[in-house]
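In: only the shape, not the letters, is given here:
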Ligand code: ZN
């Protein structure tokens, strides 16, 4: 492991201990073998003048909700050191009381809650304290003879603390075991099955000790060739199954989740291990991950519905075996899955959640194999796992992430998404929590919809291969498909039937009708496995109220409507709702140029202004208003509606 310390970077902070603390915290956070997503914590002890000018001794410790990789100085909570030390002397201290007392001892009520390890940081008599859950240390300590190996690696250089629950209990244990020790005799502290601490009065020294001690553990693994044991395998792909598993996991969880398949050779190699059915169930790398990963993954064999139900039953049993009656059971769904032949799948109610799980799981898969190569991978016992998983402070951390917009966890595909109504729909779905794939003939869509939860795909919808690839890409990226919005279309120049050339007619039928059928057909197998699936056709007011000269546009739109009505009949048995929206007077889209407006107005003998306000409400309709209606029709308001045609046109006296 390499030190990332750079004198020229650190120089600017040398006079400011808190800035140095920020700097080395970020260095730790930058190495995923040391710290993963919100893991680890650091602190610095400082004398600061309070509001009244009196000097106080403070511990500035990582606040909860901050990530070491990106932490800034406001991410450190200032707590009076004396109070923390006195708390450590108490016989017992409940979690809620610990949180209250720590908050009460803060000199800035606006600062975040101090880390759950604040008391432990306070006890360590050095200015800088660094704590990580380093992979190499965990691989060595999650072992029946872990302590012996730690002795072999470090000898008397470190204090060794057997596993106890993090928080107050751990702080007390450390206090008890170090009472007769001189901290200056040690360079670090190993917490069995948990992680490592280093400390020094100098920020760089404390950081470098972390690097050095973890490197020693890595060398130990190298010497024993434990790193050579990582399995690798080619993976297959089955998007249909991937989306079915996601549906089942969402069903058990009672909310839609995203699914991300890690099909790298390493992930697949791990999933294919012969004893994976038993090995993967032994437990987590560190209890810190439990709130993200749960104790065990789902193991996928052949019957997916049965596998997921079995997981739920086992989780329920585990809870009942361990609860003292004071806890409330979490949902029964897995957070990740081992899928032999395919790789590892992670689930999350947000894309970020599923990514965090994926990263944790990929490090876990490595550590497990390394542990096995050392003799045996053996994490903490089940009662400790339960105690940590249901620790109210961990839970509180997770609960704070909860907020549920309508489409959280859902996956939508929108056609014609580079501009106008389609773009407005894509943005509205994302604003409401969904992940969206947007298709468009215009390749700019790839840049316009380029965010984690937005995938833009340049796609000619008349090309069935391209459509099929785009749908596959959606499932590959997000895990399934729940919502289809058929919006793409062209608006051919208006002509009387007797003047209409075959080419214009054929092209409009191809794009506005045949392609819509093709996209729908391609999506149906995935929609059948969707969570509360819905299809919305964006047709036209021209369907119920056609105008002269627009046959090339109106006829395929009428065909779409009929297609939707039949689809509603065919797909109702799978819970798929199919509805049609008939917009009109939407003048802020690319369809309406100055010329088309003038031409259309002319056909009715109206000026453009008269034409634009010719509806009952005398109002035009904005793209974003259409998008809101599309979302409403795809959402819970329309849960019991299918086969319906809804106008959004300011009211047409020819339809009313
Ligand atoms: Zn920890």
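Out: Received the coordinates, thanks. Nothing here was measured: the structure is a model prediction, and the numbers come from that model.
In: from here on, contacts and neighbour counts on C-alpha atoms
Out: Noted.
In: give me the low-pLDDT residue ranges for this protein?
Out: For the chain, the stretches with pLDDT under 70 are 394-403.
In: how is it divided into domains?
Out: With domains defined by automatic domain parsing, the chain comprises 7-223, 239-399, 411-588+621-648.
In: gap between the two ends of the last one?
Out: In terms of Cα to Cα, to the nearest Å, the two terminal residues of domain 411-588+621-648 are separated by 24 Å.
In: how far does that domain sit from the chain's center?
Out: Put simply, domain 411-588+621-648 sits 27 Å off its chain's centre (Cα atoms, centre = their mean, to the nearest Å).
In: offset the numbering so it begins at 55, please.
Out: That works, and once the first residue is 55, the last one we named lands at domain 465-642+675-702.
In: want to throw the domains of the chain into CSV with distance to residue 654?
Out: Converted to CSV, these look like this (distance: least, Cα to Cα, whole Å):
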stretch, distance to residue 654
domain 61-277, 56
domain 293-453, 44
domain 465-642+675-702, 8
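In: dump those domains to TSV, plus mean neighbour count and distance to residue 665.
Out: As requested, the domains of the chain are arranged in TSV below (neighbours: other Cα atoms under 10 Å; distance: least, Cα to Cα, whole Å):
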stretch	mean neighbour count	distance to residue 665
domain 61-277	19	55
domain 293-453	20	44
domain 465-642+675-702	21	9
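In: closest one to residue 653 among these?
Out: Nearest to residue 653, of all those, is domain 465-642+675-702, at 8.2 Å by Cα to Cα.
In: longest helix of the chain?
Out: For the chain, the helix with the greatest residue count under DSSP state H is helix 405-427.
In: name the helices or strands packed onto that one?
Out: Helices and strands touching helix 405-427, by 3 or more Cα pairs under 8 Å, 6 or more residues apart in numbering; DSSP states H and E, are helix 189-195, strand 312-316, helix 319-325, helix 344-347, strand 390-393, strand 397-402.
In: from the rest of the structure, what touches the second one?
Out: Applying Cα atoms under 8 Å, 6 or more residues apart in numbering, the contact partners of strand 312-316 are 296-297, 300, 322, 397-405, 408-409, 412, 463-465, 530-534.
In: got the angle between it and strand 397-402?
Out: Interaxial angle of strand 312-316 relative to strand 397-402 (axes from the mean of the first three to the mean of the last three Cα atoms, to 10 degrees): 150 degrees.
In: what lines up beside strand 312-316 in the sheet?
Out: Looking at strand 312-316 with DSSP bridges, its partner strands are strand 397-402 (antiparallel).
In: over to the fifth one?
Out: In its sheet, strand 390-393 lies beside strand 352-353 (parallel), strand 397-402 (antiparallel), with partners assigned from DSSP bridges.
In: helices of the stretch 455-604 of the chain, residue ranges please.
Out: Using DSSP state H, counting those that start in this stretch, the helices of the stretch 455-604 of the chain run over 474-485, 499-502, 518-532, 556-563, 569-581.
In: so residue 538 bridges to which residues?
Out: residue 467, residue 589.
In: distance of it relative to residue 300?
Out: For residue 538 relative to residue 300 (Cα to Cα), the value is 18 Å.
In: how about residue 290?
Out: Distance, residue 290 to residue 300, by Cα to Cα: 17 Å.
In: ditto for residue 565
Out: Using Cα to Cα, residue 565 is found at 32 Å from residue 300.
In: what of residue 618?
Out: Here the criterion is Cα to Cα. By it, residue 618 lies 26 Å from residue 300.
In: swap in residue 339?
Out: Using Cα to Cα, residue 339 is found at 25 Å from residue 300.
In: that older thread, quick one: which of the helices and strands packed on helix 405-427 is nearest residue 219?
Out: Ranking the helices and strands packed on helix 405-427 by distance to residue 219, with Cα to Cα as the measure, places helix 344-347 first at 12.7 Å.
In: elements contacting the closest one?
Out: Against helix 344-347 (3+ Cα pairs under 8 Å, 6+ apart) you get helix 405-427, helix 436-443, helix 446-453.
In: once you drop chain neighbours, what's closest to residue 237?
Out: Nearest residue to residue 237, sequence neighbours excluded (Cα to Cα, 6 or more residues apart in numbering): residue 179, at 7.3 Å.
In: I'd guess that neighbour is in a helix, am I close?
Out: No: applying DSSP: H, G, I helix; E, B strand; the rest coil, one finds residue 179 to be coil, outside a helix.
In: next, give phi and psi for it.
Out: Main-chain torsions, residue 179, degrees, to the nearest 10: phi -80, psi 50.
In: that one and residue 235 touch, don't they?
Out: No: using Cα atoms under 8 Å, residue 179 is not in contact with residue 235; the gap is 11.8 Å.
In: quick one on the thing from earlier: let's have the helices and strands packed on helix 405-427 in TSV, adding distance to residue 267.
Out: Below are the helices and strands packed on helix 405-427 laid out as TSV (distance: least, Cα to Cα, whole Å):
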stretch	distance to residue 267
helix 189-195	9
strand 312-316	31
helix 319-325	27
helix 344-347	25
strand 390-393	31
strand 397-402	31
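In: and residue 431, which of those is closest to it?
Out: For the helices and strands packed on helix 405-427, proximity to residue 431 was assessed by Cα to Cα; helix 189-195 is nearest, at 7.7 Å.
In: C-terminal to that closest one, what's the next element?
Out: Following helix 189-195 in sequence order, the next helix or strand is helix 200-208 (DSSP states H and E).
In: give me the contacts around that next one.
Out: Residues contacting helix 200-208 (Cα under 8 Å, 6+ apart): 194, 195, 214, 246, 267, 270, 271, 274.
In: how close does residue 337 get to residue 393?
Out: From residue 337 across to residue 393, the span is 17 Å (Cα to Cα).
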